[in-house]
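Engineer: need a structure here:
(2 chains)
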There are 2 protein chains.
Amino acid sequence: MPKTNLQVLLASRPTGWASESNFRIAETPIPAVGDGQVLVKSHYLSLDPYMRGRMNDSRSYAAKVEIGQVMGGEAVGEVVQSKNPQFKPGDTVLNRAGWQQYGLSDGSDLRKVDPKAVPISTYLGVVGMPGVTAWMGLHDIGQPKPGETVVVSAASGAVGSVVGQLAKARGCRVVGVAGGREKCDFVTKEFGFDACVDHRAGDLVKALAAAAPKGIDIYFENVGGSLLDAVLALCNPFARIPLCGMISQYNAGDDRYGVKNLMAAVGMRIKLQGFIVSDHMERWPEALKELSDGVRSGKIKYRETVTQGLENAPRAFIGLLKGENFGKQLVKVA
Amino acid sequence: MPKTNLQVLLASRPTGWASESNFRIAETPIPAVGDGQVLVKSHYLSLDPYMRGRMNDSRSYAAKVEIGQVMGGEAVGEVVQSKNPQFKPGDTVLNRAGWQQYGLSDGSDLRKVDPKAVPISTYLGVVGMPGVTAWMGLHDIGQPKPGETVVVSAASGAVGSVVGQLAKARGCRVVGVAGGREKCDFVTKEFGFDACVDHRAGDLVKALAAAAPKGIDIYFENVGGSLLDAVLALCNPFARIPLCGMISQYNAGDDRYGVKNLMAAVGMRIKLQGFIVSDHMERWPEALKELSDGVRSGKIKYRETVTQGLENAPRAFIGLLKGENFGKQLVKVA
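Structural biologist: As a prediction, the model looks like this:
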């Protein structure tokens, strides 16, 4: 076993766009394992849009990362040493070690997963937090009914791709929104959406109206900005908008987009509701069962972008914020 | 009985601010009463912000008024002729005759009210649609809990004044927002709010933060615009925002305000939900009972601005849109 632990630290807080200079690579000794502790070697690190919020010095639902701290996040890896009777070397576990090669844990944040059931990387994506996020936002806030029209932004992403497939399985017409022709083609051909609008190509309201001729009943919001305005103009009465994220605004600083069509929510009785997947842990088992069953049977498809090497995590993360990834963004740590 | 029926018609559709020139006064013969019909002479006409939306040629939850048609709206008056066995001359009824002196009805839109229980004008305000709107938005979407902080915009208005008093009765800290010192004083001294912020006086976020030191749990939205941004910046996790109206935006045309802080709804799991009081008629009896009991016991206070003469309805309506009224805006028709 190597002696050093590669880590990615937050070096400074971005104003506006995050850049690689906001991060710093460090090498520290691999920590000694004390009583009750477990050392986990990460195989895959998950990169998720919410991490951008943790870089800010502002109030949020989750603690910010302090300057000089290891960037937080979920990883899947292998127990390499254990002085905790619940875990033994070789166990595959999800952990919250963040952006580093080795994580030391008291076991409370670890969850054993079965590496034979599904590919271990999917525990960070479709069979993990992003998948459950899709499931929970769609079901608990969206409440889809057969025949309704569901629009999903960031449709080729880790969350959006699952939202659309689940909504299709519930008998909805599903319209994705994604950036570029290649992603849109994949969204319709591989993920099985009924249509996909390229938000880089021309008049968004017109394209959405054409793709959703009966209006929009559910809009799963991952993006924010002008897309939300376009959707609000097309919502049917009693539409539901689960607010999962607004990635277009995370790096906008004070230049955030101003949403002008919110008045439609009054007349159309639209519900917009933010949610965080960890608020309802009691919903996870049901969600995870459907998602892992779907992946195993091939009914639920997924796509991953895997960046090699922890030292490339900052670049991959900034790419994620710019929409350069395709599907779930992972870092292959070891 | 006079032979003519004074009416206010929609003469043209406003672009941006409505003006008196968008209306036209007409005199028509009083219609003959056919079998099953009822003729009602209006005493009070209700003027409500939602009427501005009916003047537009755009989709809404309610049918627009056509050019040359009588402006729609609710009135309270007296049956003067009836060929309908359910109504007799002298009955006091609520009707939907709109902006005219006499309304002919088949009875289906009439509701008998007791002129001795409460002043008949209150059936258009605190014991009518605006009161039920306050009750329903606060209860069904706001779901107030004792100790929570409730912010109410247009706090001196027909809806806002009731929201605040009901929220106080449920043990909440209640902060109003109103235009000008006189209204704010009335809101705290007469309606019993804990505090009232004058939105014309300086830094709104700072003033709101001072008045709501524990953050905002419920925001009853009547106004929209920059006030909504200020509130979003101060919302607690799981805050609820019943969207009742956005009067600051009704005359803005394409210059609508862009809401920049909607991203807070994700992290704070805020729910924003539009509603229309007529969607849930099954809730009215319970609401009306509490409201009329409150008015009779003096526990619920109200204030009215009464404009004399139907011909002055257009001016009064534009004043309402500008916030010149104080409490419920009525027109004394006869």
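Engineer: strands of the stretch 151-300 of chain A, start to end?
Structural biologist: Along the stretch 151-300 of chain A, counting by DSSP state E, counting those that start in this stretch, strands occupy A:173-178, A:195-198, A:216-220, A:235-243, A:271-274.
Engineer: now render those as a markdown table, adding distance to residue B:280.
Structural biologist: Glycine gets a C-beta too; all of them are placed from N, C-alpha and C. Shown next, in a markdown table, are these (distance: least, Cβ to Cβ, whole Å):
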| stretch | distance to residue B:280 |
| --- | --- |
| strand A:173-178 | 28 |
| strand A:195-198 | 34 |
| strand A:216-220 | 20 |
| strand A:235-243 | 12 |
| strand A:271-274 | 14 |
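Engineer: where in chain A is pLDDT low?
Structural biologist: A:1, A:59-62 (pLDDT under 70).
Engineer: can you check which helix is longest in it?
Structural biologist: Scanning chain A for the longest helix, with DSSP state H as the assignment, gives helix A:284-297.
Engineer: got the residues of the stretch 201-334 of chain A near chain B?
Structural biologist: Residues of the stretch 201-334 of chain A lying close to chain B by Cβ under 8 Å from any Cβ of the partner chain are A:224, A:228, A:237, A:243-246, A:249, A:256-263, A:265-276, A:279.
Engineer: filter those residues to the buried ones?
Structural biologist: Among these, those classed as buried by 16 or more other Cβ atoms under 10 Å in any protein chain shown are A:224, A:228, A:243-246, A:249, A:256-263, A:265-276.
Engineer: just the C-alpha atoms of the longest helix of chain A, please, in PDB.
Structural biologist: What follows is helix A:284-297, C-alpha atoms only, in PDB (Å, rounded to 0.1, in the frame of the first residue of the first chain):
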ATOM      1  CA  TRP A 284     -34.700   5.600  -0.300                       C
ATOM      2  CA  PRO A 285     -35.200   1.800   0.000                       C
ATOM      3  CA  GLU A 286     -38.300   1.800  -2.200                       C
ATOM      4  CA  ALA A 287     -36.500   4.100  -4.700                       C
ATOM      5  CA  LEU A 288     -33.300   2.100  -4.700                       C
ATOM      6  CA  LYS A 289     -35.200  -1.200  -5.300                       C
ATOM      7  CA  GLU A 290     -36.900   0.100  -8.400                       C
ATOM      8  CA  LEU A 291     -33.700   1.600  -9.700                       C
ATOM      9  CA  SER A 292     -31.500  -1.400  -9.200                       C
ATOM     10  CA  ASP A 293     -34.200  -3.700 -10.600                       C
ATOM     11  CA  GLY A 294     -34.400  -1.500 -13.600                       C
ATOM     12  CA  VAL A 295     -30.700  -1.400 -14.200                       C
ATOM     13  CA  ARG A 296     -30.400  -5.200 -13.800                       C
ATOM     14  CA  SER A 297     -33.200  -5.900 -16.200                       C
END
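Engineer: hmm, who's touching it?
Structural biologist: A:117-118, A:122, A:126-127, A:131-132, A:135-136, A:162, A:165-166, A:299-300, A:302 (Cβ atoms under 8 Å, 6 or more residues apart in numbering or on different chains).
Engineer: what subset of those is buried?
Structural biologist: Among these, the ones that count as buried by 16+ other Cβ under 10 Å are A:118, A:122, A:126-127, A:131-132, A:135-136, A:162, A:165-166, A:300, A:302.
Engineer: list the buried residues of the longest helix of chain A.
Structural biologist: By 16+ other Cβ under 10 Å, the buried positions in helix A:284-297 come out as A:284, A:287, A:288, A:290, A:291, A:292, A:294, A:295.
Engineer: what strands line up against the helix or strand following that helix, and which way round?
Structural biologist: Remark: after helix A:284-297, the chain's next helix or strand is strand A:304-308, criterion DSSP states H and E. Its sheet considered, strand A:304-308 pairs with strand A:328-332 (parallel) by DSSP bridges.
Engineer: for the residue of chain A found nearest chain B, what are its contacts?
Structural biologist: Proximity of chain A to chain B (Cβ to the nearest Cβ) peaks at residue A:258, 1.7 Å away. For residue A:258, the contacting residues are B:257, B:258, B:259, B:260, by Cβ under 8 Å, 6+ apart.
Engineer: likewise residue A:212?
Structural biologist: A:149, A:151, A:173, A:175, A:195, A:234.
Engineer: surely residue A:6 is in a helix?
Structural biologist: No. With DSSP: H, G, I helix; E, B strand; the rest coil as the criterion, residue A:6 is located in strand rather than a helix.
Engineer: what's around it, how many residues?
Structural biologist: Neighbours of residue A:6 under the rule other Cβ atoms under 10 Å in any protein chain shown: 20.
Engineer: not counting sequence-adjacent ones, nearest residue to it?
Structural biologist: residue A:101 (4.8 Å; Cβ to Cβ, 6 or more residues apart in numbering or on different chains).
Engineer: wait, what's in contact with that neighbour?
Structural biologist: Shown in contact with residue A:101 (Cβ under 8 Å, 6+ apart): A:5, A:6, A:7, A:41, A:42, A:310, A:333, A:334.
Engineer: hang on, residue A:146 is in a helix, isn't it?
Structural biologist: No. Applying three-state DSSP, one finds residue A:146 to be coil, outside a helix.
Engineer: wait, it sits on residue A:173?
Structural biologist: No. Counting by Cβ atoms under 8 Å, no contact exists between residue A:146 and residue A:173, whose distance comes to 9.8 Å.
Engineer: more neighbours: which of those two?
Structural biologist: Between residue A:146 and residue A:173, counted using other Cβ under 10 Å, the more crowded position is residue A:173 (21 against 8).
Engineer: contact partners for the residue of chain A most remote from its centre?
Structural biologist: Taking Cα atoms, centre = their mean, the residue of chain A most remote from its mean C-alpha position is residue A:35, at 34.2 Å. By Cβ under 8 Å, 6+ apart, residue A:35 lies in contact with residue A:83.
Engineer: my read: residue A:118 touches residue A:127, true?
Structural biologist: Yes. Contact criterion Cβ under 8 Å: residue A:118 and residue A:127 qualify, at 5.4 Å.
Engineer: first-to-last residue distance for stretch A:207-218?
Structural biologist: This stretch, stretch A:207-218, spans 17 Å end to end (Cα to Cα, to the nearest Å).
Engineer: any idea how far residue B:242 is from the residue of chain A closest to chain B?
Structural biologist: Separation of residue A:258 from residue B:242 (Cβ to Cβ, to the nearest Å) stands at 22 Å.
Engineer: just residue A:170 next, same as before
Structural biologist: As defined by Cβ to Cβ, residue A:170 lies at a distance of 28 Å from residue B:242.
Engineer: kindly report the same for residue A:128.
Structural biologist: For residue A:128, the distance to residue B:242 - Cβ to Cβ - is 35 Å.
Engineer: ok, residue A:162 next?
Structural biologist: For residue A:162, the distance to residue B:242 equals 31 Å [Cβ to Cβ].
Engineer: next: residue A:326.
Structural biologist: The gap separating residue A:326 from residue B:242 is 40 Å, by Cβ to Cβ.
Engineer: again, but for residue A:67
Structural biologist: As judged by Cβ to Cβ, residue A:67 and residue B:242 stand 40 Å apart.
Engineer: which of these two has more residues huddled nearby?
Structural biologist: Using other Cβ under 10 Å, the more surrounded residue of residue A:67 and residue B:242 is residue B:242, with 26 against 14.
Engineer: so the more buried one makes contact with residue B:273?
Structural biologist: Yes. Assessed by Cβ under 8 Å, residue B:242 is found in contact with residue B:273 at 6.2 Å.
Engineer: any shared contact partners between these two?
Structural biologist: Shared contacts of residue B:242 and residue B:273, defined by Cβ under 8 Å, 6+ apart, are found at residue B:141.
Engineer: OK, contacts around residue A:142?
Structural biologist: Taking Cβ under 8 Å, 6+ apart as the criterion, residue A:142 is in contact with A:150, A:167, A:218, A:220, A:240, A:242.
Engineer: does the closest residue to it other than its chain neighbours have beta-bridge partners, and which?
Structural biologist: Leaving aside its sequence neighbours, residue A:142 sits nearest to residue A:218 (Cβ to Cβ, 6+ apart; 4.3 Å). Note on residue A:218: beta-bridge partners residue A:150, residue A:240, judged by DSSP bridges.
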